[in-house]
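Novice: structure for the following, please:
(2 chains)
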Amino acid sequence: GENVEQHPSTLSVQEGDSAVIKCTYSDSASNYFPWYKQELGKGPQLIIDIRSNVGEKKDQRIAVTLNKTAKHFSLHITETQPEDSAVYFCAAPYTGRRALTFGSGTRLQVQP
Amino acid sequence: GAGVSQSPRYKVAKRGQDVALRCDPISGHVSLFWYQQALGQGPEFLTYFQNEAQLDKSGLPSDRFFAERPEGSVSTLKIQRTQQEDSAVYLCASSLIASQETQYFGPGTRLLVL
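Specialist: Residues are numbered from 1 along each chain as shown, chains lettered A, B, ... in the order given. Sure, this is the predicted structure:
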């Protein structure tokens, strides 16, 4: 099945700085890559996703890049704010299934 | 409703008790997923429904876990004879059509087995 690795596990930045989280995946057939934000006591919230027919997608301060050759994708958050503090998960389709395989998460702390 | 809802939000059970967790997906969503999230980990797949049909239950950890979606909307995850290792957050997600990958998650049910 799909294996998704995510790093770093923790990331601390100053308010206004940029944050980058990286993920690699194993199944070259994967074609959909979502990113979720999870706040304490809440379920994961989809923040952005990308499909394999594009290399980059941007939504205001959030962007995702995809390198299919290298099988990795990254989340970029610019002008970070304290409310960006949360755990972020990348995911990819589980090989042969409808389900998603998730990375282990990155705890982002934005210092005011 | 506006989003996926789950109940109860918190459940404390004594080891050996049976529990039932409910998921109300977004109205009209065909696909429904259950995931288990251990503390500090990412969600892990348990089972998948397309309407009322359970198409994939390969992630269920043991035969003590059972899920159903009899009318193709609300789903229940049942855990029999709970064990301490069942303590986790159980997440439900739904998607609009069978071929759509985008999944929307509920708030989860936090289960603690003592």
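Novice: and the residue of chain A that's closest to chain B?
Specialist: Going by Cβ to the nearest Cβ, chain B is nearest to residue A:102 of chain A, at 3.2 Å. (Each C-beta comes from the backbone N, C-alpha and C, glycine too.)
Novice: pull the contacting residues for the nearest residue to that residue once chain neighbours are set aside.
Specialist: Ranked by Cβ to Cβ, 6 or more residues apart in numbering or on different chains and with sequence neighbours excluded, the top spatial neighbour of residue A:102 is residue B:42, at 3.2 Å. Residues in contact with residue B:42 (Cβ atoms under 8 Å, 6 or more residues apart in numbering or on different chains) are A:6, A:89, A:91, A:102, A:103, A:104, A:105.
Novice: ok, which stretches of the chain are strands?
Specialist: Let's take chain A. A:4-7, A:10-14, A:19-25, A:32-38, A:45-51, A:56-59, A:62-67, A:72-77, A:86-93, A:100-102, A:106-111 (DSSP state E).
Novice: looking at chain B here, not the other one
Specialist: Under DSSP E, chain B gives strands at B:5-7, B:10-13, B:19-24, B:31-37, B:44-50, B:53-56, B:65-68, B:75-79, B:88-95, B:104-105, B:109-113.
Novice: with mean neighbour count added, can I get the ones you listed in a markdown table?
Specialist: As requested, the strands of chain B are exported to a markdown table (neighbours: other Cβ atoms under 10 Å in any protein chain shown):
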| stretch | mean neighbour count |
| --- | --- |
| strand B:5-7 | 17 |
| strand B:10-13 | 15 |
| strand B:19-24 | 19 |
| strand B:31-37 | 24 |
| strand B:44-50 | 21 |
| strand B:53-56 | 15 |
| strand B:65-68 | 18 |
| strand B:75-79 | 20 |
| strand B:88-95 | 24 |
| strand B:104-105 | 20 |
| strand B:109-113 | 18 |
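Novice: can you get me a residue count around residue A:14?
Specialist: 9 (other Cβ atoms under 10 Å in any protein chain shown).
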